[in-house]
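Enquirer: fold the following and give me the result.
(one chain, ligands or ions: 4)
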Amino acid sequence: MNNVHSQRVNSLLGAIEDIGRDAKRGGYSRPVYSAAENTLREWFIAEATGRSLEVSTDANGIIWAWWDLPGSAKNAASRRGALVTGSHLDSVPGGGAFDGPLGVASALAAYDQLAAREASGELVRNRAMAITVFPEEEGSRFGVACLGSRLLTGAIDPVRALNLRDEQGNTFAEVATAHGLDPARMGRDETALAQIGDFIELHVEQGKGLNSEEHTDHAGRGPAIAVGDTILGHGRWRLSFSGQGNHAGTTLMADRSDPMIAAAQTIVAVRSIGSAQDNARATVGRLEPVPGGTNVIASRVDLWLDVRHPEDAVTAMLVEKIHGQAQKLAAFEGCTVHLTEESFSNTVHFDAGLTRSLAQSVRRLVPGAPLLPTGAGHDAGVLAALVPSGMLYVRNPSGISHSPQEYVEDDDASAGVVALADALEDLL
Ligand code: GLV
Ligand code: MN
Ligand code: MN
Ligand code: MN
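Expert: Ligands and ions are numbered 1, 2, ... in the order given. The predicted structure follows:
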């Protein structure tokens, strides 16, 4: 599997390894439409154009690189029902090198293999193929994950999306406009959706699935590739605690209504409520005191809650429990709390037929490739509501993601490309 085409994924990733490094946090910070992410988009466009793919950016900011059928027109009609693969180039703050870019680079490298097979007459295609790059998959800048695919599918109202703000107070409308997009054209795009016959996203595995006891051999090594099965339902909520802002030196301890205290106690409650429920994940990873000064008792503290569970009713119940507990803790401190749902995605079961086809293709290369559920959200999960979608995961020996420790070995990245190319060929 270490042929020239599959090795190419490692050199593609090597070409971007210095873009968006975060000296303070470690790893990479590549928020959507930042200088770093713009550079990555330009890199992708140059790579795709250099391969003679026809590149365009749609109304929602999704980049499409088209490999049309030989001799066919290059229009929406000839591209209906195409095979589409891709991922994203934005990252969480201080994220790893692979979450997103691995899927994009692997798609380019898989295309190289398929184009060589077509040139030699080994591959005769029945449909066009495209590689896509989705904006704001992580929701790190505007708060809603998979914003590009949600806009494309109509899963978010464009008016709501356009009014989302980043930490500097810029609206998504302003930032999108500055990047050449027309806010009035954003939203569900039937033409683009009709072009996606099947969608496949290759991604670094973000947990310990491939390294779990169930899947590892006597040497403790798991298979290089897995096929996606389900995505846990997940959502984000903001809890805003309000109290009395005041002076840290002149306010007696007994006189305080400090929202930081209510927030801190709620974080502990989130941990215990999440731990008491089988298969649940409940996290507070972000907290913002207002105004945020060392010698200032905050007047408000916002914290963001991420809750995930395979049953959506259980997720709702957990959030309700956390909210109830936050209300009690806030009242005890003389504060109030307000809960806002920022996004929610149902549990996703990937398309059964496509998953079967992916498993068959991948198992020719990696006989033990398992079907794996994941707790991580993906554009493939959003698209799955409207088009057959599936995923491939590449082994991550660290089992860690959304961290600089996320890792993929070169040989596994190469195996991912071959697996993706084989799977795409079987579907073309
Ligand atoms: C995105 O990676 C998410 O699952 O939060
Ligand atoms: Mn990702
Ligand atoms: Mn991610
Ligand atoms: Mn994700």
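Enquirer: number of residues surrounding the residue of the stretch 201-350 of the chain found nearest ligand 2?
Expert: Residue nearest to ligand 2 within the stretch 201-350 of the chain: residue 203 (5.6 Å; Cβ to the ion). Just so you know, the C-beta spots here come from the backbone N, C-alpha and C atoms, and that holds for glycine as well. Neighbour count for residue 203, taken as other Cβ atoms under 10 Å: 26.
Enquirer: tell me the contacts of it?
Expert: 87, 99-100, 102-103, 376, 378, 391-394 (Cβ atoms under 8 Å, 6 or more residues apart in numbering).
Enquirer: over to residue 205?
Expert: Residue 205 touches 226, 372, 374, 393-396, 399, 401, counting by Cβ under 8 Å, 6+ apart.
Enquirer: and residue 323, by the same measure?
Expert: Going by Cβ under 8 Å, 6+ apart, residue 323 touches 239, 337, 339.
Enquirer: ok, what's across the strand from the first one?
Expert: Beta-bridge pairing of residue 239, defined through DSSP bridges, involves residue 303, residue 339.
Enquirer: phi and psi next, for residue 102.
Expert: Main-chain torsions, residue 102, degrees, to the nearest 10: phi -60, psi -40.
Enquirer: about what we covered before: who wins for most neighbours among the contacts of residue 203?
Expert: Neighbour counts for the contacts of residue 203 (other Cβ under 10 Å) peak at residue 103, which has 32 neighbours.
Enquirer: can you classify the residue nearest to that residue when sequence neighbours are not counted as helix, strand or coil?
Expert: Nearest non-adjacent residue to residue 103, counting by Cβ to Cβ, 6 or more residues apart in numbering: residue 87, 2.7 Å away. Under the three-state scheme (DSSP: H, G, I helix; E, B strand; the rest coil), residue 87 adopts strand.
Enquirer: is it correct that residue 87 is in contact with residue 202?
Expert: Yes. Contact between residue 87 and residue 202 holds when scored by Cβ atoms under 8 Å: they sit 6.9 Å apart.
Enquirer: are any of the contacts of residue 323 buried, and which?
Expert: For the contacts of residue 323, a burial check counting by 16 or more other Cβ atoms under 10 Å picks out 239, 337, 339.
Enquirer: residue 201 sits in which helix or strand?
Expert: For residue 201, the element it lies in under DSSP states H and E is strand 196-204.
Enquirer: just how off-centre is that strand within its chain?
Expert: Relative to its chain's centre, strand 196-204 lies at 12 Å (Cα atoms, centre = their mean, to the nearest Å).
Enquirer: for stretch 57-74, same thing?
Expert: The gap between where stretch 57-74 is centred and where its chain is centred comes out at 22 Å by Cα atoms, centre = their mean.
Enquirer: make 427 the first number, not 1, from now on.
Expert: Let's use 427 as the start, then, which means that last one is stretch 483-500.
Enquirer: please save the CA atoms from that stretch in CSV.
Expert: Provided in CSV are the C-alpha atoms of stretch 483-500 (Å, rounded to 0.1, in the frame of the first residue of the first chain):
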residue,chain,number,x,y,z
THR,A,483,-17.1,28.0,-3.9
ASP,A,484,-20.9,27.7,-3.4
ALA,A,485,-23.3,30.2,-1.8
ASN,A,486,-22.7,28.7,1.7
GLY,A,487,-18.9,28.9,1.4
ILE,A,488,-18.4,25.1,0.6
ILE,A,489,-15.5,24.5,-1.8
TRP,A,490,-16.2,21.9,-4.6
ALA,A,491,-13.5,20.5,-6.7
TRP,A,492,-15.1,18.6,-9.7
TRP,A,493,-13.8,15.6,-11.5
ASP,A,494,-16.3,15.4,-14.3
LEU,A,495,-16.9,12.4,-16.5
PRO,A,496,-14.6,12.4,-19.5
GLY,A,497,-16.1,14.4,-22.4
SER,A,498,-19.2,15.4,-20.3
ALA,A,499,-20.6,18.9,-19.8
LYS,A,500,-19.5,20.6,-16.7
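Enquirer: I'd like the average pLDDT over that stretch.
Expert: Stretch 483-500 shows a mean pLDDT of 96.
Enquirer: so which residues make contact with that stretch?
Expert: Here stretch 483-500 makes contact (Cβ under 8 Å, 6+ apart) with 467, 470-471, 474, 477, 479-482, 504-505, 508, 537, 540-541, 544, 551, 553-561, 574-575, 577-578, 602, 605-608, 611-613, 615, 618.
Enquirer: so where's this protein uncertain?
Expert: 427-432 (pLDDT under 70).
Enquirer: could you pull out the helices in it for me?
Expert: For the chain, the helices defined by DSSP state H cover 430-441, 461-476, 527-545, 573-579, 584-589, 598-604, 616-620, 685-701, 738-758, 778-791, 805-809, 836-853.
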